[in-house]
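Peer 1: Sequence first, then the predicted structure:
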Amino acid sequence: MSTASDTGLGGHASLSAIAAIGNPRHAPNSTKKLILDAQIYLGTSSEQLIGVLAYFNTTNLNVGLNDVALYHIECTFACFDPDRTESYPTKLSPPRYAFTGDIQKIIRLTDAVSLSDCEADSSAFPIDPCHQPYVHIAGAAVNCDKARGTFDLDVEHYISLTKPDQSNKIITPISCLIPDSPRWKLAKPVPYNKRYAFVTGLLSDVSFEVNSLEPTENRPITRFGINVDNIVFLGTQGVGVASNTFPNVLDKADTDTGTAKRLISYGKRRQPSSQAESTIVADSNSVTAPSSELVTTSSKTTASRDSMPVTRNSPPSKKLKKN
């Protein structure tokens with residue numbers, strides 16, 4: 001199977017998600033770089049992923065030490081590899097993280113909920129966190145199969161939690177499935193091999209390492225899977241081809257917005273609650289209760305996932321078989 005390191009081609013992978021955020025700590029020798037645990041939903045109450053994300057805190061975000069809250073996040077992501085990636089774990093950290101990345105944008109959606117026994121049921125929040133992440137990925141397509149409507153986008157890109165002694169960038173291996181749809185009656189838009197494409201779609205599946213003795217949820221992830229919602233072919237750029245330029249009309253002095261009726265006014269903004277202004281981490285070593293989940297998506301006890309090698313929502317093609 002081709003990988004980004006085999007092809008030498010880079011790219012970009014990010015996701016938008018409603019995430020449960022908790023377990024904050026500072027990166028060593030930094031007062032601005034926060035390390036946060038983020039839990040995202042994949043499809044059922046027993047299917048979620050916990051990742052470790054870095055955030056350069058220019059907005060002075062406050063996260064309670066023993067709290068969890070729901071946020072909308074935009075972040076880069078890749079498979080977590082303990083040999084290549086830092087996590088700066090605390091006693092609240094799970095046995096193993098599934099993914100890592102950098103938060104680009106974060107918006108708080110709810111007040112914090114106290115972590116009683118480090119497990120808060122999702123019904124404690126005023127909004128439903130059970131929405132699958134939406135993935136954006138750009139890179140060179142490989143393993144393209146027009147008959148099955150599948151291809152891979154395995155990209156190398158920068159993740160700030162990569163250990164300093166690692167010369168190669170972290171890989172985000174994604175298998176893409178174009179589902180049957182009236183949109184593509186004649187042919188599914190599968191790219192040619194090693195042609196660049198920009199793809200978006202719901203994160204629907206993950207494949208775990210086969211030869212691991214760990215429980216399924218603690219095994220390393222080998223691939224992510226998405227159901228393609230949209231694809232743009234980026235083609236190739238020839239040497240010496242002149243680029244077109246477009247005039248900037250957005251920064252002109254005229255601020256007249258016309259006579260169109262507004263839906264809302266931004267003149268008065270809601271102030272955050274006192275709970276949302278809780279103090280950020282003080283001493284991560286003071287946290288004592290262990291946990292493998294930030295939020296449970298069901299109040300009922302869920303079955304073991306040892307017999308579930310691949311999480312499922314909309315099953316992908318056989319392309320997502322275990323490596």
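Peer 2: Yes, it's here.
Peer 1: Pretty sure Y196 sits against A140.
Peer 2: Yes - applying C-beta atoms under 8 Å as the test, Y196 and A140 come out as touching, 5.5 Å apart. Just so you know, the C-beta spots here come from the backbone N, C-alpha and C atoms, and that holds for glycine as well.
Peer 1: The two: which has the busier surroundings?
Peer 2: Set side by side, Y196 and A140 show more neighbours around A140, with 22 against 18, by other C-beta atoms under 10 Å.
Peer 1: didn't the more buried one look like it was pressed against Y192?
Peer 2: No - applying C-beta under 8 Å as the test, A140 and Y192 come out as separate, 10.1 Å apart.
Peer 1: Can you pull the phi/psi pair for the residue lying closest to G225 once chain neighbours are set aside?
Peer 2: In space, and not counting its chain neighbours, G225 is closest to D205: 3.3 Å by C-beta to C-beta, 6 or more residues apart in numbering. Main-chain torsions, D205, degrees, to the nearest 10: phi -150, psi 160.
Peer 1: How many residues are close by D205?
Peer 2: Around D205 there are 25 residues (other C-beta under 10 Å).
Peer 1: partner residues bridging A197?
Peer 2: G139, F233 (DSSP bridges).
Peer 1: what about the helices in the protein?
Peer 2: 4-7 (DSSP state H).
Peer 1: can you pull out the strands in it?
Peer 2: Remark: strands assigned in the chain by DSSP state E are 12-26, 33-41, 48-56, 67-76, 78-79, 99-108, 113-114, 120-121, 134-145, 150-157, 170-177, 196-208, 221-235, 295-296.
Peer 1: Just put these in a markdown table and tack on distance to W184 and mean pLDDT.
Peer 2: As requested, the strands of the chain are exported to a markdown table (distance: least, C-beta to C-beta, whole Å; pLDDT from 0 to 100):
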| stretch | distance to W184 | mean pLDDT |
| --- | --- | --- |
| strand 12-26 | 23 | 94 |
| strand 33-41 | 28 | 94 |
| strand 48-56 | 29 | 93 |
| strand 67-76 | 28 | 94 |
| strand 78-79 | 29 | 92 |
| strand 99-108 | 30 | 95 |
| strand 113-114 | 43 | 83 |
| strand 120-121 | 40 | 66 |
| strand 134-145 | 15 | 95 |
| strand 150-157 | 13 | 92 |
| strand 170-177 | 12 | 91 |
| strand 196-208 | 14 | 91 |
| strand 221-235 | 10 | 91 |
| strand 295-296 | 37 | 70 |
